[in-house]
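Novice: model the structure of this input:
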Amino acid sequence: MKVRLVAYRRENTGSDTYDLDQFELDLQKDPNVVVNYNWLDLKDPSQRKSSFSQTLKLPFSNANNKFFENYFDVNLDTLVYNAKFKFPAVLYVDSIPQLKGFIQLKSIYLNARLYEVVIFGDTADFFTDIKDKQLKDTFTETDINNPDLNLQNLAYDHELSLANVLASWTTGLTNILGSTTNDVMYPIFDYGHTFNPYSTAMFWDPNDWSSDVNELGQVNGVAAMNYYGLVKIGNLKPAFRIQRLFYLIAAKAGYTIKSTFLGIDGDTVTDTNFFSRIFMTLSTENQKVQTIFNVSAGSEAPFIGFEANMTVTQAETITISNDLDVDSCFIENVIVNNEVYDPNNLFFATTLTAIAVMGAPAVTINCPSIQFPADTGVETLLPTGTMQVETTLELTLPAQTNTSSNYNAQLTCRWYSQTEIDNLNWGGYAQNVTNAPYQSQDQITVTPDSTLEYTFTNNITPIPGEIYFCVFTLQDLSLGTGNTVAATIQNCT
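Specialist: Here you go, the predicted model:
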């Protein structure tokens, strides 16, 4: 019975990574090689251990010194062999492979002039390679210019938009690189954001009940949508195709999969009748999908947003105007001064000059505002796309105006940018903020003789350094003349 040990590595540092040369290693005379074989535990394959040999001692022969490159010589610095890396090896008995895997150098005995090695089988190498990895590691790539830098794989990054949600059910959503992927899908789940969901309400058209008042006294808006169970894309969370995940995990660890059941054959991933249809839900620890946000390099954190409200009710006389450009139609005292939470430092308590004559301010409005971090040149990262802002204004309105006229007014919520306001051409005559292009607008018909919450949903574009102001107006274009009402601002959130 003849025992042989064959190892493989590149001949020199200039050789191609995959160009491996064979090295026949010398064993001691009549070696006693003991191999421990481990069998697969089908109940827990992650605990599978590879077969391995007992330690072998190899002499300092010319063949062995050539493979290990005289590793005992500490003065050598340019070597192909490295004890930290794995090198393929096969243990033969009478030309029959008994253990195929990799060789590991354990010790060097200078006085005895021996290398001590062990041979590990590669049957469990996959689980060994991934056991300390996290799922997020699958979606990073090593920078080719800096091996210590991990870059995010952008193939599955996408905007959470209605178009992408719908496309994820059919042809596949569009990622930020402009290509299509069907490995991310948004299943229809109610994650607990609703209060009183109806079985059919999740697919209602919001336009069919735009002025509906629910049992909580909320009119339209996100709060009412959530109450009835209407599907809102911001409440959905993505799911990832298990088949693709298996492929990525194996590829990341340097392995390939060949399985008809899984629908994977090397780099080819195909549709199957069963396995490719299974998805894994994501972000189970969060109520909603989170976006990365930072204000400088290295300060990455989840984009959480903010919440702020009023601490004191405000009485105000509001002119219900029939003219969009009359400054008195503004609700001027929405004093939002209590910051509930703001980990991303977005809430910005300030005032807005709304109208000017010859450049001289005439009316100042207290209103909620947002300021995005300025671009300091150190990789400021703001959310892409648009940011959704939900604003709830609780108003107490009388039954009619002071001139005994019934009114059917529209309460409008507009978000204006400081840049657009600054760009107004005053021209020596009266101008107000409604002449500026607004970033977003939402509108609800008010109910006279009531105290109700009016909830608005607006989308604004994150621009470094930009300030956005939330301005409310009350208008009824059917009125012959403007009329005033004594209103109370109960709260604004």
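
Novice: quick one: end-to-end distance for stretch 371-387.
Specialist: 12 Å (CA to CA, to the nearest Å).

Novice: how about stretch 56-76?
Specialist: End residues of stretch 56-76 are separated by 24 Å (CA to CA).

Novice: again, but for stretch 423-441
Specialist: Start-to-end, stretch 423-441 (CA to CA) is 19 Å.

Novice: pLDDT averaged over that stretch - what is it?
Specialist: Stretch 423-441 shows a mean pLDDT of 60.

Novice: got the residue ranges for the helices in this protein?
Specialist: In the chain, the segments counted as helices under DSSP state H are 62-68, 125-130, 162-167, 221-228, 242-252, 418-422.

Novice: possible to save those as TSV with distance to V289 and mean neighbour count?
Specialist: (Glycine included, C-beta is placed from N, CA and C.) Converted to TSV, these look like this (distance: least, CB to CB, whole Å; neighbours: other CB atoms under 10 Å):
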stretch	distance to V289	mean neighbour count
helix 62-68	52	18
helix 125-130	26	17
helix 162-167	11	14
helix 221-228	16	21
helix 242-252	18	18
helix 418-422	29	15
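
Novice: can you say which of those helices is nearest to F330?
Specialist: helix 418-422 (13.4 Å; CB to CB).

Novice: which strands and helices lie in contact with the closest one?
Specialist: strand 467-475 (3 or more CB pairs under 8 Å, 6 or more residues apart in numbering; DSSP states H and E).

Novice: do that again at 10 Å, thanks
Specialist: strand 350-357, strand 467-475 (3 or more CB pairs under 10 Å, 6 or more residues apart in numbering; DSSP states H and E).

Novice: lowest average confidence across the ones you listed, which one?
Specialist: Among those, strand 350-357 scores lowest, at a mean of 52.

Novice: verify the stated contact: N164 with V289.
Specialist: No. Assessed by CB atoms under 10 Å, N164 is found out of contact with V289, at 11.8 Å.

Novice: where do the contact lists of the two overlap?
Specialist: Residues touching both N164 and V289 by CB atoms under 10 Å, 6 or more residues apart in numbering: 186, 233, 238.

Novice: closest to S440 out of the residues you listed?
Specialist: Taking the shared contacts of N164 and V289 together and measuring to S440 by CB to CB, the closest member is I233, at 16.4 Å.

Novice: what about the closest one, neighbour count?
Specialist: 15 (other CB atoms under 10 Å).

Novice: and it, how close does it get to Y186?
Specialist: As defined by CB to CB, to the nearest Å, I233 lies at a distance of 8 Å from Y186.

Novice: which residues do those two both contact?
Specialist: With CB under 10 Å, 6+ apart as the test, I233 and Y186 both reach 160, 164-166, 289.

Novice: tell me which residues touch L173, please.
Specialist: Contacts of L173 (CB under 10 Å, 6+ apart): 156, 158-161, 163-167, 180-186, 238.

Novice: quick one: the closest residue to it other than its chain neighbours from T461, how far?
Specialist: Nearest non-adjacent residue to L173, counting by CB to CB, 6 or more residues apart in numbering: N164, 3.9 Å away. To T461, N164 is 18 Å away according to CB to CB.

Novice: what of F120?
Specialist: 55 Å.

Novice: how near is the closest residue to F306 other than its chain neighbours to C492?
Specialist: Spatially, and ignoring its direct neighbours in sequence, F306 is nearest to D342 (3.8 Å; CB to CB, 6+ apart). Per CB to CB, D342 is found 16 Å from C492.

Novice: was I right to think N286 contacts K237?
Specialist: Yes. Assessed by CB under 10 Å, N286 is found in contact with K237 at 7.7 Å.

Novice: now for the two: what residues contact both?
Specialist: Common neighbours of N286 and K237 (CB under 10 Å, 6+ apart) are Y191.
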